[in-house]
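**Q** Need coordinates for the below:
(chains A and B)
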2 protein chains.
Amino acid sequence: MPNVTFRYEDGTATVVAVTAGENLLEVARKANVAIDAPCSGNGSCGKCRVKFISGKLDTEKTRHISEEEFAEGWRLSCVSTITEDVEVLVPDIASAYKSRMKVADLSSQEEIAIFDRAKQDVEEAGIAFENDFSVVELQMEEPTLDDTMPDNERLVWAIQAAAGVEKVKLTYQVLQKLPDMLREYKFCVNAVLKKTGHGALVYDVLPPEDHQICGLAVDIGTTTVSAVILDMVSGALLAKASAGNGQIRYGADVINRIIESTKEGGRKKLQKAIIKETINPMIHNMCRAAGIAKDQIYHMCVASNTTMNHLFAGVNADPLRMEPYIPTFFETDNLHAYDLGIQVHPDARIVIAPNIGSYVGGDITAGTLVSMIWNKPEFNLFIDLGTNGEIVFGNSDFMMSCACSAGPAFEGGDISCGMRATDGAIEACTIDAKTMEPSFKIVGDEGQKPVGLCGSGIIDVIAELFRCRIVSPKGKFVREGERVRHDEYGIGSYILAFKEEAAGHKDVVINEVDIDNFIRAKGAIFSAICTMIRSLDFDVSMIENVYVAGGIGSGINMKNAVTIGMFPDIEIEKFHYIGNSSLTGAYNMVLSRQAEEKVYDLAHNMTYMELSTDPGYMDEFVAACFLPHTDTSLFPSVTQEEI
Amino acid sequence: MPNVTFRYEDGTATVVAVTAGENLLEVARKANVAIDAPCSGNGSCGKCRVKFISGKLDTEKTRHISEEEFAEGWRLSCVSTITEDVEVLVPDIASAYKSRMKVADLSSQEEIAIFDRAKQDVEEAGIAFENDFSVVELQMEEPTLDDTMPDNERLVWAIQAAAGVEKVKLTYQVLQKLPDMLREYKFCVNAVLKKTGHGALVYDVLPPEDHQICGLAVDIGTTTVSAVILDMVSGALLAKASAGNGQIRYGADVINRIIESTKEGGRKKLQKAIIKETINPMIHNMCRAAGIAKDQIYHMCVASNTTMNHLFAGVNADPLRMEPYIPTFFETDNLHAYDLGIQVHPDARIVIAPNIGSYVGGDITAGTLVSMIWNKPEFNLFIDLGTNGEIVFGNSDFMMSCACSAGPAFEGGDISCGMRATDGAIEACTIDAKTMEPSFKIVGDEGQKPVGLCGSGIIDVIAELFRCRIVSPKGKFVREGERVRHDEYGIGSYILAFKEEAAGHKDVVINEVDIDNFIRAKGAIFSAICTMIRSLDFDVSMIENVYVAGGIGSGINMKNAVTIGMFPDIEIEKFHYIGNSSLTGAYNMVLSRQAEEKVYDLAHNMTYMELSTDPGYMDEFVAACFLPHTDTSLFPSVTQEEI
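**A** Next comes the predicted model:
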């Protein structure tokens, strides 16, 4: 049996004995070696690179690896077969966009403002910001030989007297802590209560000076996971973090993830990747940053698409992708942290924002809440740009939703120099039509050199390349110049920054494959909008406002998004970026019981349109895979420079 | 730093690096090496033997190790200090009474009869045998493209229709299993329901042919743990097991266990010893024997003394032993298998039979239920002979209870050849007054040679030695003969079986230290009875019946128990052995909601007498530490042979 040695950049290694003939990527996955493979190993993405060190590895040549790179040892693991002992190097960050976890700096007023505003909008619509949690201060008599009441009864009596509730139950957590806490604080403690029917469940006992009760909101995106810890009383943000979804190595999109989850042990593996490897470390870092104990998080809400919340809950997601496309749940009402092993208070209830279909999930229902389109008489469009693009159209009388598979391009995935909007990301770009020289806005301190392109930057670059007639409506390079290059396979690319100008030691480029990937992503969005609006016999001119949400960032240039044909060509003033609405929606659901109820209400009243079975959608999609569109009459405002 | 190598009889070993000067027993405990130490390392019990193999070990000589044994390498670990590298052999069974787990043979009609009778008695007193669990058969329509209801809603609808309940919630277990079960069984499954307020909680979905719902009753004794798995509908026993309490190596009695639990990490360690090392393996073996899945155990009741149930729940038991002796709980109503890591259905509720004081716990309240003394007008006495002896006296109008520390002697502990009532145990004995030759009844097949003495055998042996004037009322050997021997320290012993006659390769003996230990145990019981009855201005002649319970076995000779002064000298016909009443009580509590309620009721109405603060108890105890008693007028029927 040959051995494979996966060596890491930090000098450590994993050694696995395999059967000759096994696929290297499969072996890596079984051994839990993190190699990125957004396409789930079908050879199309070119991300699963490893560097051959020694031994023997049978590998196919592919356009993803240049001759030079091949000579350096780079191989795609998905097209490599093990025949004898082999040693390979696994790159530290398997691809540029799988960035490390980031705990946000909450001194940024912009960050805070987006949550404040989401709360304020919902509150102004008449939703009360009250939840079931409260803290009562208790002063009990210390026991004596004449007063030998057990600790738990003493606590229950004190709570009944202080809070005026009838039936009081204790969580196991409290039973365990109680004797020590009471004796340490001389029978004066604070009790954290959660209202239940006629009584209260005691979640915690805290020292007399401690009144903090916290909640957790999590947006589980297919590509990116974001979360905030908040104060359950004031709503103040205590910490915020984002990270790549640890499931990324099992496929970039929901279908590949589901397929991976159906393999032996797959469901546990995918659940572990999101909970143990992604969310729990985020909680850990946020708690450290905020100086709170994990056990002080008593309530939690997750907003995510239907596949993500099924994989999160560890339930079989396979029926989602097979006719008749049945989810295990739209709503759950009896899920707790202990069930899933989430490292918050074990009795914390986990609210999952409700799904309304196999491909329209809690991310969109939670997001719809904060889009506020449900509270307005005029027709508005709400677009959540994620790996799954999700779209809601409607007003206070009716709402319709649909979802399309856009892929990870908006988050910088499937793009060779793609990355998330962190330091070094080109977030905005203009190109001089004559000289073809670019100018950038780059995330980070002044003087930061470019590393890659984030979603908003890609939109700008493609819009500018098109405007300057550097690329054709089909996305092919049609001008020559210093910054335009064609490789041995004839694939054209534009050099945004030469090696010397870049932060890394290679050129920052965008190539025709990237543009093609992005055109398919934007085409999916635009065709979904059109299919849905046409099905209602409506017209884009009837859209009053477009609320754009997603991790793409506030830097998104709406004019450019229209230029490339991603959004309908209506007045630019009608477009509004509202941030990560599934996270702000989940934040509201944690804070307010009525907000949670409202989301169930929205979900029940939203019509779901299944695009994959709609006969017109594929035609719309094909027509939209142009810059801006095959039917240019749909984009009267879009013009190109005269060169 | 010296290394200690603990070598086991199976050839495996544990190696620990220690600081010179550390105590060998302490090191073994930290390293989780199972060495028996009923006295918790104070040098009194002589059980913590290890055999020196090589290296160097500083050890004190003690009367527990003979010259011959010392020469063979035997050392007491509690009096051994590590100075240099050393290698020792840890005996496979650290002491004779810590027998391995035993899964009972349920073909024994006697075993079953004791449970049947306990149920029948309680049922005849008007307690209904109904519980909250039921199974409904469901036949659902399979989903189609026109009927895309999620699985959980489909199940809820079907249950609402089939069971006529309003509010249906699913456990996480069910959510996880649901999509696979529905598809595997074509949407025809059985649902296990637990009644809740106005609705039902779905505990499980089973294949259409499976209707079995199981419960678990556990008696956690300080020394021995017993358990049964039962059918929640018929009450039939499906499996039964007993095992030594894994906490035994942290001390023989509750006080030593509590002290051990207050050390760093001690609470977790003691909880692990009872749950992970004792109860979970018992569940595993019983499930295998009964051919059921662990997850099919949906309900559980534990009966145990206050210390045991505190340590089981993992709560600080220290306040129990310190003035003013406050338990964390008498009752709990919100404890589940997932809280404690018990390997049954994670949502199984764990009922702990209620405590009524720091030293009168759920073992006695559950036992009182099946003693039936609460349902009779005449005055009866109920005695539970365990490591803690517990006593209830009363009738249908009032009941009083108390507890005394008897030590493990009734279960064969603290006795050099003591063992549980398993194969090879001498369970009955007579001695010829003239020849001093013994005759035995031995547990096991015909021809079984004696291994040691179980509780009932010890009573017989001591009673016979006393009757034959071989030992004095003080328990000292006063006759000479072939079977009587004195060692170098002057300690007398009686050889029940010479090496050649015994199953092992050493004599089966009882010595003066054993007799002394047993006299203290029986003295504790008798003095507790007297103190309580006198406090009521009653007399033993007013006792109509004495119900004796505990692991001592049905073989107990009541006449001999009176002869040694363990029980009051009243008519022998009044004594009844009722088996392990805390286990049969727990069995009833699992099966019947009303039985559970009745036990809470009994607990609330039982007066608790604290013996340790009673000024007369110590005098009674000292007076009772004789055979049969210092005041022989209390035992008119007890006579000795004329030699």
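**Q** List phi and psi for residue A:73.
**A** phi 110, psi 0 (degrees, to the nearest 10).
**Q** which residues touch residue A:193?
**A** If you count contacts by Cβ atoms under 8 Å, 6 or more residues apart in numbering or on different chains, residue A:193 has them with A:133, A:134, A:135, A:136, A:159, A:163, A:165, A:200, A:201, A:202, A:203. Glycine gets a C-beta too; all of them are placed from N, C-alpha and C.
**Q** again, but for residue A:642
**A** Going by Cβ under 8 Å, 6+ apart, the list of residues near residue A:642 is empty.
**Q** between the contacts of residue A:193, which is nearest residue A:9?
**A** Distance ranking of the contacts of residue A:193 against residue A:9, using Cβ to Cβ, places residue A:203 first at 43.4 Å.
**Q** SS state for that closest one?
**A** Secondary structure for residue A:203, judged by DSSP: H, G, I helix; E, B strand; the rest coil, is strand.
**Q** how near is it to residue A:605?
**A** When distance is defined by Cβ to Cβ, to the nearest Å, residue A:203 is 33 Å away from residue A:605.
**Q** The two - which one has more neighbours?
**A** Ranked by neighbour count (other Cβ atoms under 10 Å in any protein chain shown), residue A:203 and residue A:605 place residue A:203 first, with 25 against 13.
**Q** That one against residue A:195, yeah?
**A** No - counting by Cβ atoms under 8 Å, residue A:195 is not a contact partner of residue A:203; they are 11.1 Å apart.
**Q** Find residues that contact each of the two.
**A** Common neighbours of residue A:203 and residue A:195 (criterion: Cβ under 8 Å, 6+ apart): residue A:133.
**Q** So which of the contacts of residue A:193 reach chain B?
**A** Under the cut-off given by Cβ under 8 Å from any Cβ of the partner chain, chain B has residue A:201 from the contacts of residue A:193 close to it.
**Q** ok, and the most crowded of the contacts of residue A:193?
**A** Highest neighbour count within the contacts of residue A:193: residue A:200, with 27 neighbours (other Cβ under 10 Å).
**Q** That one reaches residue A:164, doesn't it?
**A** No - contact criterion Cβ under 8 Å: residue A:200 and residue A:164 do not qualify, at 9.9 Å.
**Q** and residue A:230, that's in a helix?
**A** No - counting by three-state DSSP, residue A:230 is not part of a helix but strand.
**Q** what bridges to it?
**A** As for beta bridges, residue A:230 partners with residue A:215, residue A:237 under DSSP bridges.
**Q** can you tell me how far it sits from chain B?
**A** 25 Å (Cβ to the nearest Cβ, to the nearest Å).
**Q** That residue is in contact with residue A:587, isn't it?
**A** Yes - at 6.3 Å, residue A:230 and residue A:587 qualify as touching, with contact defined as Cβ under 8 Å.
**Q** shared neighbours of those two, which are they?
**A** Common contacts of residue A:230 and residue A:587 (Cβ under 8 Å, 6+ apart): residue A:217.
**Q** check contacts around residue A:282.
**A** Residues in contact with residue A:282 (Cβ under 8 Å, 6+ apart) are A:101, A:218, A:225, A:227, A:241, A:242, A:243.
**Q** about what we covered before: tell me which of residue A:230 and residue A:587 has more neighbours.
**A** It is residue A:587, of residue A:230 and residue A:587, that has more neighbours when counted by other Cβ under 10 Å, with 31 against 25.
**Q** you'd agree that one is in a strand?
**A** No - counting by three-state DSSP, residue A:587 falls outside a strand, being helix.
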